[in-house]
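Visitor: Build me a model from this:
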Amino acid sequence: MSTPLSQNAAPQAGAPQARSAIFTVSPYVGGESKVAGANRVIKLSSNEGAFGPPPGAIKAMAALATQLHRYPDGGSSALRAAIGQHFGLDPARIVCGNGSDELIALLIQSYGGPGSELIMSAHGFLMYEISGKLAGMTVRKVPERNLTADIDAMLAAVGPATRLVFLANPNNPTGSLVPHADIVRLRAGLPSDVLLVLDAAYAEYVDDANYDPGIGLVDAGSNTVMTRTFSKIFGLGGARLGWAYAPAPIIDVLNRARGPFNVNATAVAAIAALAEPGWVAHNRAHNQQARAALTARLSQAGLKVYPSHGNFILVDFGTAARADAADTHLRARGVIVRAMAAYDLARCLRITIGTDEECGLAAEAVEDFLGHG
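Guide: Here you go, the predicted structure:
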């Protein structure tokens, strides 16, 4: 979520002046991890992997410790090769970044700018809006239908100044999934010079035979990019590792725009994570079971829980005041979830799917709140 800019941060007369676009956004604030006075914290605020890093990634990081005086591979060649082998992609059409957030920002800086427009769904990932505004773009947030991106409305919002369209699928924080046929229709309805960016950060959690995270559309033309991350199912949020798959000319642009060592030596953890036997299948199976169980329990308690295809659920408490009270109650019990006011969903809380024990404690805390509410 984001917090208001400090009123004390305004530049003084005669001091260096930042671009005005900088002051159109509030800083992005990640999910909190501490509660004052709590002996044990159950952190379910950042959609992190339920079981931490894979064992092989931990070993790779331990071995890395003696080599931290060395600069990393500036082109992430070993990581790109591992990604290519794992997903059946051409490594030359992959670029890696400091999380997918960096790649999102680089795409916007490279293809957007003052006088241009970015289109996203109303409750899409905040970094699209933040990065777009920082680049001087006009950001158009298109109303959704049942907390799912409305493809027809997004197409209707396209104008002469539109340069980028962002769509997270599955979407964070709503958990919704747009059917593949509608994604294809979106691409076909956009002008050829408009870049479609498909953010597939939660792709590994999807259980849908017709789901395509974006590979097919990238391969089919010259105007689509797919972004991915190691921060979720691979349990490497702290390593800040993301990647994009795109047509060769866009990869060339991203390589020109990124820093020379934008991915650090922790890339070895991602390589090991990709090679961890059964890791993705085990995590996906747990997520499906635990998400269904938590959804059923909270629904039975009388709350609206939106269908989710990610490793989190969005829970509707009816009013912003009630959601805020529930958040406070959960914190008092050491359970941290994510408030959604920054996404214009103040009546909701987002709860990450953790271990069975963590999900059980979260459900118990919510039920206790409802019993006292």
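
Visitor: Do you have the helices of the stretch 101-250 of the chain handy? List them.
Guide: 126-134, 151-156, 180-189, 215-220, 248-257 (DSSP state H, counting those that start in this stretch).

Visitor: What residues sit buried inside the fourth one?
Guide: When neighbours are counted by 16 or more other CB atoms under 10 Å, the buried residues of helix 215-220 are found to be Ile215, Leu217, Val218. Using the backbone N, CA and C atoms, a C-beta is placed for each residue, glycine as well.

Visitor: Ok, stretch 292-301 next?
Guide: Leu294, Thr295, Arg297, Leu298.

Visitor: Looking at the residues you listed, which is nearest Leu164?
Guide: Thr295 (33.4 Å; CB to CB).

Visitor: I'd say the closest one and Tyr306 touch.
Guide: No. Judged on CB atoms under 8 Å, Thr295 makes no contact with Tyr306 at a distance of 9.0 Å.

Visitor: could you point out which element follows the longest helix anywhere in the chain?
Guide: Counting by DSSP state H, the longest helix found in the chain is helix 279-300. Moving toward the C-terminus from helix 279-300, the next helix or strand (DSSP states H and E) is strand 304-306.

Visitor: how far does stretch 304-317 stretch from start to finish?
Guide: 7 Å (CA to CA, to the nearest Å).

Visitor: Quick one: distance of that stretch to the chain centre.
Guide: Centroid separation for stretch 304-317 versus its chain: 15 Å, with CA atoms, centre = their mean, to the nearest Å.

Visitor: before we move on, what about stretch 286-305?
Guide: 22 Å.

Visitor: quick revisit: would you mind putting the helices of the stretch 101-250 of the chain into CSV with distance to His86 and mean pLDDT alongside?
Guide: Shown next, in CSV, are those (distance: least, CB to CB, whole Å; pLDDT from 0 to 100):
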stretch, distance to His86, mean pLDDT
helix 126-134, 25, 97
helix 151-156, 30, 98
helix 180-189, 21, 98
helix 215-220, 12, 98
helix 248-257, 18, 98
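
Visitor: quick one: contacts of the longest helix of the chain?
Guide: Residues from elsewhere that reach helix 279-300 (CB atoms under 8 Å, 6 or more residues apart in numbering): 49-51, 54, 204-205, 207, 233-234, 273, 305, 308, 311, 313, 315, 351, 353-356, 359, 362-363, 366-367.

Visitor: Identify, from the buried residues of helix 215-220, the entry nearest to Arg187.
Guide: Closest approach to Arg187 among the buried residues of helix 215-220 (CB to CB): Leu217, at 5.4 Å.

Visitor: which one is the closest one nearest to, not counting chain neighbours?
Guide: Thr224 (4.3 Å; CB to CB, 6 or more residues apart in numbering).

Visitor: For Phe125, list the residues it contacts.
Guide: Phe125 neighbours (CB under 8 Å, 6+ apart): Phe166, Ala168, Asn171, Asn172, Asp199.

Visitor: got a pLDDT number for it?
Guide: pLDDT, Phe125: 97.

Visitor: Could you measure from the nearest residue to Asp212 once chain neighbours are set aside over to Asn210?
Guide: Spatial nearest neighbour of Asp212, chain neighbours left out: His180 (5.2 Å); criterion: CB to CB, 6+ apart. Going from His180 to Asn210 by CB to CB, to the nearest Å gives 5 Å.

Visitor: Please apply the same query to Ala270.
Guide: Counting by CB to CB, the gap from Ala270 to Asn210 is 28 Å.

Visitor: more crowded one of these two?
Guide: Ala270 (28 against 8; other CB atoms under 10 Å).

Visitor: Other residues contacting the strand or helix carrying that one?
Guide: Assigned by DSSP H and E, Ala270 belongs to helix 267-275. Contact with helix 267-275 is made by 53-54, 56-61, 63-64, 72-73, 76, 78-79, 82-83, 85-86, 96, 230, 234-236, 239, 241, 279, as judged by CB under 8 Å, 6+ apart.

Visitor: Just give the number of residues close to Asp199.
Guide: 30.

Visitor: scratch that, Asn172
Guide: 25.

Visitor: That one: what's its closest spatial neighbour, skipping adjacent residues?
Guide: In space, Asn172 is closest to Phe125, 5.5 Å off (CB to CB, 6+ apart).

Visitor: list the contacts for the residue nearest to Leu217?
Guide: So Thr224 contacts Arg187, Leu195, Leu196, Val197, Leu198, Gly214, Leu217, Val218, Ala246, Pro247 (CB under 8 Å, 6+ apart).

Visitor: swap in Leu79?
Guide: Asp73, Cys96, Leu241, Trp243, Val263, Ala267, Ala270, Ile271.

Visitor: Repeat the analysis, applying 10 Å as the threshold.
Guide: Counting by CB atoms under 10 Å, 6 or more residues apart in numbering, Leu79 touches 72-73, 91, 94, 96, 230, 241, 243, 263, 266-271, 274.
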